[in-house]
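> Need coordinates for the following:
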Amino acid sequence: MSFESRINSLNAEKKVIENDLKKKQNELQSYQEEKEAAEEARIILQTAARKTQQNIEIHFSDLVTKAMQLVFDNPYVFQPEFIEKRNKTECDLWFVKNNQKLRPRFASGGGALDVASFALRLAYWRLEKSAPVLILDEPFKNLSRNLMPKAVEMLKMLSNEFGLQIIMITHIQEIVEEANKVFKIQGGKSL
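So this is what the prediction gives:
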């Protein structure tokens, strides 16, 4: 190969390499723009998620705490707390009393858990905006009998406040006596 043809060949290779470099630079620029857009979208989503979590915290906390106050003389304050673990958002549930955070399962007896559980179901129902009916199965089975009248009053008040019909299965006489309608079932048949 002559010197001149070698130079022409190298110039042609140089042109191909320059074109490839330009394509790769354009691709890199495009990827950088996509990365920046994705980062902006992530920030927007994280901000929206935090605001949603704050609204949920307030919604759930207020309703559960209100239910606890209606039933117990010295109630816990309910406090959900969203935390990031392993790049995922988790929600810890707390009972707070005297500025001390306690796990609900270990903080109190079953009655407080029953009331909190009922109020959480009600809070979830309100978020879902589903039919105005809530079906419960033995919701206050662990609540002390002396607190049952307050639980019944709480049920009535929240039912009226939210326009909610509650259908409940229960053996607790204090609740049965205050119900608007009672259907007795024995052996799978209505009495």
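> Show me what the helix or strand where residue 127 lies is packed up against.
Per DSSP states H and E, residue 127 falls inside helix 110-128. Packing partners of helix 110-128 (3 or more CB pairs under 8 Å, 6 or more residues apart in numbering; DSSP states H and E): helix 3-71, helix 104-107, strand 133-137, helix 148-162. All C-beta spots, glycine's among them, are computed from the backbone N, C-alpha and C.
> Please tabulate those in a markdown table, including the columns mean pLDDT, mean neighbour count and distance to residue 120.
Output for the helices and strands packed on helix 110-128, formatted as a markdown table (pLDDT from 0 to 100; neighbours: other CB atoms under 10 Å; distance: least, CB to CB, whole Å):
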| stretch | mean pLDDT | mean neighbour count | distance to residue 120 |
| --- | --- | --- | --- |
| helix 3-71 | 89 | 12 | 6 |
| helix 104-107 | 80 | 12 | 10 |
| strand 133-137 | 88 | 13 | 12 |
| helix 148-162 | 90 | 16 | 13 |
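> Kindly reformat those as a markdown table containing distance to residue 93.
A markdown table is the format used below for these (distance: least, CB to CB, whole Å):
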| stretch | distance to residue 93 |
| --- | --- |
| helix 3-71 | 9 |
| helix 104-107 | 6 |
| strand 133-137 | 20 |
| helix 148-162 | 19 |
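> So which of these is nearest residue 91?
Minimum separation from residue 91 across the helices and strands packed on helix 110-128 (CB to CB) falls at helix 3-71, 8.0 Å.
> And the helix or strand just after that closest one, what's buried?
Reading on from helix 3-71 to the C-terminus, the next helix or strand found by DSSP H and E is strand 77-85. Of all the residues in strand 77-85, those buried under the rule 16 or more other CB atoms under 10 Å are 78-80.
> Can you tell me the centre-most residue of the protein?
Centroid-nearest residue in the chain, with CA atoms, centre = their mean: residue 56, separated by 6.5 Å.
> residues touching the nearest residue to residue 78 once chain neighbours are set aside, list them.
Nearest residue to residue 78, sequence neighbours excluded (CB to CB, 6 or more residues apart in numbering): residue 64, at 3.7 Å. Shown in contact with residue 64 (CB atoms under 8 Å, 6 or more residues apart in numbering): 78, 116, 119-120, 123.
> Also residue 72?
Counted by CB under 8 Å, 6+ apart, residue 72 has contacts 112, 115, 147, 150.
> now do residue 176
Contacts of residue 176 (CB under 8 Å, 6+ apart): 170, 182.
> give me the element it is part of.
Counting by DSSP H and E, residue 176 is part of helix 173-178.
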